[in-house]
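Visitor: Provide a 3D model corresponding to the input given below.
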Amino acid sequence: MEKDKSNLARGLIIGFIAGSVVGAVTALLYAPKSGKELRADIKTKGGDLLNDAERYLAHAQEKAADIINEGKSRSEELITQARQKAETILHDAEKILTTAKEKTAQISEETGKIKGAVKAGIDTFKSERGRS
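Guide: Just a heads-up that it's a prediction; the model follows:
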C-alpha cells in the first residue's frame, strides 16, 4: 500500500515537472519576443523549474526519511515484543522444569520407600518360611 502511494507520488512529481517544462518551452517559443528576451526568459524559467525540482526532491527525501524512520521504529517495537515473549516462555519453561525435578525427586523417594517395604516383606516372608 505504501509502495503504491510512493509510486503515485513519484509519478505525480515527474508529471508535474515534465508538464511544467513543456508548458514553459511552448509559452516561450510562441511569445513574440526578441532572441535576447527569449533567452533571458528561458534562463529564468529554467531556474524556476530547477528550483521546483529541488523542492520536490527535498520533499521526496523527507518522505523517504520518514518512511525509513517509521520502519526502524516499528522493527524495534517488534524486537522488544519478541524479547519479552521469549523471556516469558523461558520463565515458564524454568517453572515447568523445576516442578518436574521436584516430582521426580518425590517419585524417587517414594520408589525407595516401596523398595524398602518390598525387601522387608520378602525378608519377613523368608524368615517366616524358614520357621515353618
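
Visitor: what average pLDDT does stretch 57-70 get?
Guide: Averaging pLDDT along stretch 57-70 gives 90.

Visitor: could you report the neighbour count for Ile42?
Guide: 14 (other Cβ atoms under 10 Å). Glycine gets a C-beta too; all of them are placed from N, C-alpha and C.

Visitor: any stretches of this protein with poor pLDDT?
Guide: The model of the chain has pLDDT under 70 over residues 1-6, 28, 31, 33, 38, 132.

Visitor: how far does whatever helix or strand Ser20 lives in sit from its chain's centre?
Guide: Assigned by DSSP states H and E, Ser20 belongs to helix 2-30. Taking the mean of its C-alpha atoms, helix 2-30 sits 34 Å from the chain's own mean (Cα atoms, centre = their mean, to the nearest Å).

Visitor: again with stretch 46-57
Guide: 35 Å.

Visitor: same deal with stretch 34-45?
Guide: Centre to centre, stretch against its chain (Cα atoms, centre = their mean), the figure for stretch 34-45 is 53 Å.

Visitor: how about Ile96, secondary structure?
Guide: helix (DSSP: H, G, I helix; E, B strand; the rest coil).

Visitor: follow-up on the earlier one: packing partners of the helix holding Ser20?
Guide: Where contact means 3 or more Cβ pairs under 8 Å, 6 or more residues apart in numbering; DSSP states H and E, helix 2-30 is packed against helix 35-131.

Visitor: re the thing from before, quick one: the helix holding Ser20 to helix 35-131, angle?
Guide: With axes from the mean of the first three to the mean of the last three Cα atoms, to 10 degrees applied, the angle from helix 2-30 to helix 35-131 works out at 170 degrees.
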